[in-house]
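[1] The following block contains a protein sequence and its predicted model.
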Amino acid sequence: MIVEPAPAKLNLALHVRARREDGYHELETLFAFVRDGDTIRLAPAERDGFAITGPFAAGLDGEGDNLVTRARDAFRGVFGAGEPVTITLDKHLPVASGIGGGSADAAATLRGLARLAGVRPDDPALSAIAAGLGSDVPACLAGRTMIGRGRGERLTPIDAPALPVLLVNPGVGVATAAVFAAWDRVDRGPLPVGDALSIALDGRNDLEPPARALAPTIDAVLALLGAAGGVKLARMSGSGATCFALFDRVKDRAAAAAAIRAAQPGWWCLETALA
Ligand code: C5P
């Protein structure tokens, strides 16, 4: 049995620079990962199988068009069929929420299948498969703090401090394509230059205004996170609706989480840290 963590992805900053001819957008983003997320388990079996467990299993429809089975099939298209395998996705991250759940699951599937098949994790063919599955999948395959350019697939590693993070999702799903389509097409400039923390602090998420217009509950999430004691930065991740807050101290993160759980018991809160 192979166990591959599929940690949540954050965009500590996300600058949208231009709309492209192919319908995608040119980005400059600071990707980071946290310590917690989904888990992918792979086991050799007599026949292929796929199952979803965990608190957010109900948000996904078994077999269907899951990114996990698409990753498996794309891997086999390049590296050969290999032995049958059962894959279990333990789903702890909310679906369609800007923290890359599906992308992280696909990337973890690719890493696991690569281990089973003896393919090196840095094999360029693996990154090419990842890029074909989605804009965030190459970053999730690498799974470390990086600056992403292009659609998000041109990656440069950068070091980041292991700060405490609180993730909050108000339970509204936001469609990525709709948020990008609602961007006002104003280029507000490149990522700042500097270390990861100053890029995050001085940067923006240009998808925040269109996402807030489509899902006004995000305003309430950012207001609560921004008002927390000891918060360094509160921002939306990706196309939303999950927002994050960075803290220096675990104590402040815990107090913020307790206050938000009391005020909004239906919201999803995850106390974690940058990986
Ligand atoms: O690449 P992925 O399938 O994850 O992207 C989902 C949608 O998000 C795309 O169909 C596109 O509308 C939008 N997108 C974009 N520019 C990017 C990444 C995603 O417009 N760089």
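    Perfect, I can see it now. Numbering: from 1, shown residues only.
[2] of all the residues in the stretch 1-150 of the chain, which ones are close to the ligand?
    24-25, 27, 134-136 (Cβ under 6 Å from any ligand atom). (C-beta placed from N, C-alpha, C; glycine too.)
[3] Sort out for me which of the residues you listed are in strands.
    In this view, these that belong to strands under DSSP state E are 25, 27.
[4] Mind putting the residues of the stretch 1-150 of the chain next to the ligand into TSV with distance to Pro265, neighbour count and pLDDT?
    Shown next, in TSV, are these (distance: Cβ to Cβ, whole Å; neighbours: other Cβ atoms under 10 Å; pLDDT from 0 to 100):
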residue	distance to Pro265	neighbour count	pLDDT
Tyr24	38	14	97
His25	36	20	98
Leu27	35	23	98
Gly134	32	22	96
Ser135	34	21	96
Asp136	30	28	97
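[5] quick one, strands of the stretch 51-200 of the chain?
    85-90, 146-150, 154-157, 164-169 (DSSP state E, counting those that start in this stretch).
[6] Tell me how many other residues crowd the spatially closest residue to Tyr24 that is not a sequence neighbour.
    In this structure, Tyr24 finds its nearest non-sequential neighbour in Arg151, 5.0 Å apart by Cβ to Cβ, 6 or more residues apart in numbering. Neighbour count of Arg151, defined by other Cβ atoms under 10 Å: 17.
[7] who's in contact with Arg151?
    24-27, 131, 135 (Cβ atoms under 8 Å, 6 or more residues apart in numbering).
[8] between those, which is nearest Ala256?
    Closest approach between the contacts of Arg151 and Ala256, by Cβ to Cβ: Leu27, at 28.7 Å.
[9] how near is that closest one to Glu46?
    According to Cβ to Cβ, to the nearest Å, Leu27 and Glu46 sit 43 Å apart.
[10] now do Phe75
    Separation of Phe75 from Glu46 (Cβ to Cβ): 20 Å.
[11] The two: which is more packed in?
    Neighbour totals were compared for Phe75 and Glu46, and Phe75 leads with 26 against 8 (other Cβ under 10 Å).
[12] Quick check, pLDDT for the nearest residue to the more buried one once chain neighbours are set aside.
    Distances taken as Cβ to Cβ, 6+ apart place Leu113 nearest to Phe75, at 4.7 Å, with adjacent residues excluded. If you check Leu113, the pLDDT there is 97.
[13] do the same with the one 3 residues further on
    Taken from the predicted model, the pLDDT recorded for Leu116 is 95.
[14] Can you name the residues that contact it?
    Going by Cβ under 8 Å, 6+ apart, Leu116 touches 2, 42, 44, 82-83, 85.
[15] so which one among the residues you listed has the lowest pLDDT?
    Ranked by pLDDT, those bottom out at Gly82, which has 87.
[16] related to what we said a few turns ago, go through the strands of the stretch 51-200 of the chain and pick out the most buried.
    Stretch with highest mean neighbour count among the strands of the stretch 51-200 of the chain: strand 164-169 (a mean of 24; mean count of other Cβ atoms under 10 Å).
[17] Apart from its chain neighbours, what residue comes closest to Val95?
    Nearest non-adjacent residue to Val95, counting by Cβ to Cβ, 6+ apart: Gly59, 4.0 Å away.
[18] you'd agree the one you found is up against Leu93?
    No. The criterion here is Cβ atoms under 8 Å, and Gly59 misses it with Leu93 at 9.7 Å.
[19] Perfect, that will be all.
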